[in-house]
Every structure is written in structure tokens, then in C-alpha cells.
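Undergrad: With the sequence up front, the predicted model follows.
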Amino acid sequence: MKTVRLLVGTTKGVFFLRAPAARAAWQVEGPHLPGRAIYSLAHDGRGGRQRVWAGAASMHWGAVLVPTDDWGRTWDEPQEANVKFPADTGLALKQIWQIAPGLDEEPDTLFCGVDPAALFRSTDAGKSWEVVRGLLDHPHRERWQPGGGGMCLHTIVRDPANADRMWIAISSGGVYRTSDGGRTWTARNAGIRAEFMPEKYPEFGQCVHKVVQHPSRPGRLFAQNHWGLYRSDDAGDSWQDIAHGVPSDFGFAMTIHPHEPDTVYIIPIQSDMVRVAPDGKLRVYRTRNGGRSWEALTRGLPQRRAYDIVLRDAMTTDSLEPAGVYFGTRNGKLYASNDSGSSWRLAVDGLPSITCVRAVVADDRKPARRTKARPSARR
């Protein structure tokens, strides 16, 4: 029997929600790691694992990665900081913003993105981590500026057909791409506006908030920026404005449909200075044609005096058909759709401020018990 689990990170711990495939009602478990701010979560199901990673604040070590292999019953707390900059860099880790398992053919590889902006890689299933020097030593680094949440590397996008190609996004640095496994990186921001800078279309320095990609079309990317919605059809070499028909092109959250590569979801915010739902209406916007047009999805969502906003990693989809779409708000509400966003239900209310949401579809059927055949009776 298929079961959907939602991994929900908040400013006061991790919550797990569980529902059967109909996704009509949810059981809530938690908080796990209570009282700790969780800014990143990831599920790693490769190689038969059922591991969840949490980027958590430690009283002793600062930001650390903490895994569980039993859905939160036990956590493997590190005995020291397990993600840290080399001493020669003079940098100190502030926050772990993103955790990304590697491709299926590299089952022990993981990546994490941090503040100050850097990428770390593990090739031993998270036992040890090494900073990716090609990005750390990039000549643009000294001119990157922190966004409102810090100078964070918050998005990691892999090319499923090419293990050497990857895109990362930095606030406020922009989108960078490597095609040689991280040895070199190039800024890929042509066509993206930086409204807050004197030069509106610089090589880098844009405040990108999220980048998504469908694995069936690795060269097509969508981006939600600090003012701006964009699509690239050439692996990031150029970007086109697709903010047509949305109430604001400012926002954080963006996710893509699991089966439809032209279907993308966003949740606009009124402006960078007035961070509430536009017009007091909580609306998810969906495009089904790669951004040529957008439709407001409102059924089941509050359309009066709604002041919620959704952070960049607090929106996700599951892999079922029809797809589930989920998002959590800064006000501690988690909304769920079991029909690709056409209608919504409040799955749970009263959580701490939600920072990230991930969805996992698991088969909870227990293997049939094997019984020994009884020997036939002898005459």
C-alpha cells in the first residue's frame, strides 16, 4: 500500500505527516529534534535506505547535519561539527540551507549548500564532507552580497543524464553552472534582471530565490527571483521573462509537477518590502505551458485577510498520479492538494513557522512471511 510522508521543517523542530495514497487526512508525528531550527531536509532512498537528513542547529557545534534511519525514533547526533570550512579559508559555517542526494548511480554521494555561500560534497554517505574548491575559490566570491537571509547557497540542481553538470543558486550571487564536476563554474544569468542594482542586467549578483528542473528535460530551467520569473531553454545560457498574468513576480517558493515538465507552481508575495499574500488572497499560480500563461488556484485557500507567505523550500510535490502538491506557511499552516493543485485542504494548523517541506512516497507493504512446507504424512 502506497503511503505519502511529508517531512516538515520548522523553527522548532521536525514534523512527519503520513497519509494513505488518497491523501485525504494526515497523521502528525513530532516534533523531532524539538526546539531546534530546521532549515533543510532531504530523504535518501537509494540503496535500500530510508534515511532522512536534517540541517539542524546544535547548541555546541552550530549548524550540523543529523540523520535518522527510522523516521525520527532515533537520530544520529554528530559528536562534532560534521560540515565545516577548512581552517585556511577563515570562514565559519552559519547555516545549512540545502541537502541533495546524488544520482542513483552514485549512491553514497550527497551535496549540501551553506551560508556563507559554498557547496560541500560527501562521497561516503555523509560520514565526511569536503568543500567544493572550484566554487569556493571562484573570483566572483568577493563581490557576492548577502540577501535578506544571508549569503546562502540554497538550490542544487543536478543533470540526471550527466553527473558532471550541476546548477547552483546563491542569494545574492545568481545562478552558476559546472560541466566538469565542480572544478570550474560559470555565471549563467543572461536576461535576468537585478532590479535593486544600478546595472539591471549584470553578469552576476542577481538575487535568485529558487530554480527547478524536470528530469526529463534537464536543459530547461525555471527560476523565481527577487523580482522576476524566468525560463531557460538552453541550460541557463539565457533566460526569458515569463511573469505574465501573475499579481507579483516577487516570491520565494517554486516547484515543478512530477510528470508534466511544462507544469510549474509558484506562490507570489506582494513585494520585497510588503511580504504578504497579494491583495490578502493566498493563491497558488500554475502554468501548464512553460510559463506562457498562469492560472490562480484558490479552491480551499483563504481569499480574505490572508497574510501568509511561503519560503523557498516550503513547497513540494509527490510522485503519485494525480500529483500531490504541498506548501507550508510562516504562520504554521500546511496545505495539501491531492489533485495537482486544483483544490486544497488544510492538512495541519498550529505548527511553528514552516521553513521546508519534502514529500516521500513509500510502499509500506510488509513482505509476505515465508512458511516452511509441511512434510507429507507417511503411510
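TA: Everything's here; your move.

Undergrad: all helices for the stretch 51-200 of the chain, in order.
TA: Listed in chain order, the helices of the stretch 51-200 of the chain (DSSP state H, counting those that start in this stretch) span 133-136.

Undergrad: which regions of it lie under the pLDDT threshold?
TA: For the stretch 51-200 of the chain, no stretch has pLDDT under 70.

Undergrad: Could you list every helix and strand in contact with the helix or strand containing Tyr39?
TA: According to DSSP states H and E, Tyr39 maps onto strand 38-44. Where contact means 3 or more CB pairs under 8 Å, 6 or more residues apart in numbering; DSSP states H and E, strand 38-44 is packed against strand 2-10, strand 13-20, strand 51-58, strand 95-101, strand 110-115, strand 354-363. For every residue, glycine as well, the C-beta is placed using N, CA and C.

Undergrad: Out of the ones you listed, which gets nearest to Lys210?
TA: Nearest of the helices and strands packed on strand 38-44 to Lys210, taken as CB to CB: strand 95-101 at 10.4 Å.

Undergrad: Using CSV, list the CA coordinates for the closest one.
TA: Extracted in CSV, the C-alpha atoms of strand 95-101 (Å, rounded to 0.1, in the frame of the first residue of the first chain):
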residue,chain,number,x,y,z
GLN,A,95,23.6,27.7,8.2
ILE,A,96,22.9,24.6,6.1
TRP,A,97,20.3,25.6,3.5
GLN,A,98,20.1,22.7,1.2
ILE,A,99,20.7,18.9,1.2
ALA,A,100,20.7,17.0,-2.1
PRO,A,101,21.3,13.3,-2.6
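
Undergrad: Look up how far Val211 lies from Asp313.
TA: Asp313 is 12 Å from Val211, where distance means CB to CB, to the nearest Å.

Undergrad: Ok, Arg283 next?
TA: For Arg283 relative to Val211 (CB to CB), the value is 22 Å.

Undergrad: more crowded one of these two?
TA: Counted by other CB atoms under 10 Å, Arg283 and Val211 do not tie: Val211 has more neighbours, with 24 against 21.

Undergrad: Just list the residues touching that one, thanks.
TA: Taking CB atoms under 8 Å, 6 or more residues apart in numbering, we find Val211 in contact with 155, 157, 167, 169, 175, 221-224, 254.

Undergrad: okay, those in a markdown table with distance to Ile267 and neighbour count next?
TA: A markdown table is the format used below for these (distance: CB to CB, whole Å; neighbours: other CB atoms under 10 Å):
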| residue | distance to Ile267 | neighbour count |
| --- | --- | --- |
| Thr155 | 16 | 24 |
| Val157 | 20 | 20 |
| Trp167 | 22 | 23 |
| Ala169 | 18 | 30 |
| Val175 | 21 | 27 |
| Leu221 | 19 | 25 |
| Phe222 | 14 | 26 |
| Ala223 | 15 | 26 |
| Gln224 | 9 | 27 |
| Met254 | 8 | 23 |
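
Undergrad: Just give me the closest of the residues you listed to Asp76.
TA: The shortest approach to Asp76 among the contacts of Val211 belongs to Thr155, at 26.1 Å (CB to CB).

Undergrad: tally of neighbours for Leu93?
TA: The burial count assigned to Leu93 is 18, neighbours taken as other CB under 10 Å.

Undergrad: can you pull out the strands in the stretch 101-250 of the chain?
TA: 110-115, 118-122, 130-131, 152-159, 162-171, 174-178, 186-187, 208-213, 221-225, 228-232, 240-241, 250-256 (DSSP state E, counting those that start in this stretch).

Undergrad: Most tightly packed of those?
TA: Mean neighbours per residue, mean count of other CB atoms under 10 Å, is largest over the strands of the stretch 101-250 of the chain for strand 221-225, with a mean of 27.

Undergrad: partners of that one in the sheet?
TA: Paired neighbours of strand 221-225 in the sheet (DSSP bridges): strand 208-213 (antiparallel), strand 228-232 (antiparallel).

Undergrad: quick one: it to chain centroid distance?
TA: Chain-centre distance of strand 221-225: 13 Å, with CA atoms, centre = their mean, to the nearest Å.

Undergrad: Ok, stretch 221-235 next?
TA: With CA atoms, centre = their mean as the basis, stretch 221-235 stands 16 Å off its chain's centre.

Undergrad: do the same with stretch 201-218
TA: Counting by CA atoms, centre = their mean, stretch 201-218 comes out at 13 Å from the chain centroid.
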